[in-house]
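*Asks:* only geometry, no sequence info:
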């Protein structure tokens, strides 16, 4: 009888150990699932923050975008064009250059950043500041010049100067 009690106690202890082991395994699986869900949640939240910052920096901050036609003729004699609706540099020869000025005004109540970019085959001839910062009410003259067209073929070169005005949050 006593031996039966001992066996019964041993069985109960073994069963308790088995239940504890199963319980800890079950808890570990549940903990892993929770951990994986937390990692996914953190990743998604980070992605949302990154996309929001990108959207704010690159789209909401754009105030104006203007495209200005630019024309340059490389030839055997010099000439100029005073067209006021485009950036015309006239005809230039080897050993010469030309320039035009743009007056940039900040009529906003906050600082702005003005970015310049050129598209078209005229791009390789133009020299200018890529970015200009202006405080509220400030004006600046930006000079866009041409390089000396040594060894360039005679012809017409054109493109667009793209002027993007953005709100300057960091200035």
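*Replies:* Arrived safely. None of these values were measured; they are calculated from a predicted model.

*Asks:* and this protein, what are its domain boundaries?
*Replies:* 1-60, 64-167 (automatic domain parsing).

*Asks:* can you tell me which of these the model trusts least?
*Replies:* When the domains of the chain are ranked by mean pLDDT, domain 1-60 comes last with a mean of 73.

*Asks:* hmm, back to that, how about JSON lines for the domains of the chain, with mean neighbour count added?
*Replies:* In short, each C-beta sits where N, CA and C put it, glycine included. Formatted as JSON lines, the domains of the chain follow (neighbours: other C-beta atoms under 10 Å):
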{"stretch": "domain 1-60", "mean neighbour count": "10"}
{"stretch": "domain 64-167", "mean neighbour count": "15"}
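
*Asks:* check which helix or strand covers residue 117.
*Replies:* strand 112-120 (DSSP states H and E).

*Asks:* that strand pairs with which strands?
*Replies:* strand 131-134 (antiparallel), strand 155-167 (antiparallel) (DSSP bridges).

*Asks:* reformat the ones you listed as JSON lines; add distance to residue 97.
*Replies:* Shown next, in JSON lines, are the strands paired with strand 112-120 (distance: least, C-beta to C-beta, whole Å):
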{"stretch": "strand 131-134", "distance to residue 97": "21"}
{"stretch": "strand 155-167", "distance to residue 97": "14"}
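
*Asks:* compare the ones you listed and give me the one nearest residue 39.
*Replies:* Nearest to residue 39 among the strands paired with strand 112-120 is strand 155-167 (36.0 Å), distances taken as C-beta to C-beta.
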